[in-house]
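Participant: okay, here's the prediction I keep looking at, along with the sequence it came from:
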Amino acid sequence: MDAWLTQVTEAIGLDPKTLSDADEAEVLDLARIAAHESGERTNAPLLCYLLGLAAARGDASLAELARTVRRSTS
């Protein structure tokens, strides 16, 4: 996580360690999928927001949510 993102993460009350390197790579790949497969770049941040909401519910891990996104777009 770069310095800017670390600063913003702390400002919104989260520990920068909340986002692991593996999770960062997963989220960026899902954003790429959203932008490229949908043809709308604006879907990337929206999908990431929705993934955050789904993850906060605690029903599924990021890995499970990622598999669901990949299945739904293939």
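Facilitator: Good, I have the coordinates. Numbers count the residues shown, from 1 in each chain.
Participant: can you give me the end-to-end distance of stretch 35-52?
Facilitator: Start to finish, the residues bounding stretch 35-52 are 17 Å apart (C-alpha to C-alpha, to the nearest Å).
Participant: what's the average pLDDT for stretch 8-16?
Facilitator: With pLDDT averaged residue by residue, stretch 8-16 scores 95.
Participant: need the three-state assignment for residue 13.
Facilitator: Using DSSP: H, G, I helix; E, B strand; the rest coil, the secondary structure recorded for residue 13 is coil.
Participant: chain neighbours aside, what residue packs nearest to residue 10?
Facilitator: Computed as C-beta to C-beta, 6 or more residues apart in numbering, the closest residue to residue 10 that is not its neighbour in sequence is residue 16, at 6.4 Å. From N, CA and C alone the C-beta is placed, and that goes for glycine too.
Participant: cool, and residue 18?
Facilitator: Sequence neighbours aside, residue 9 is the residue nearest to residue 18 in space, at 7.0 Å (criterion: C-beta to C-beta, 6+ apart).
Participant: the one you found contacts residue 1, doesn't it?
Facilitator: Yes. Taking contacts as C-beta atoms under 8 Å, residue 9 lies within contact range of residue 1: 7.1 Å.
Participant: sounds good, over and out.
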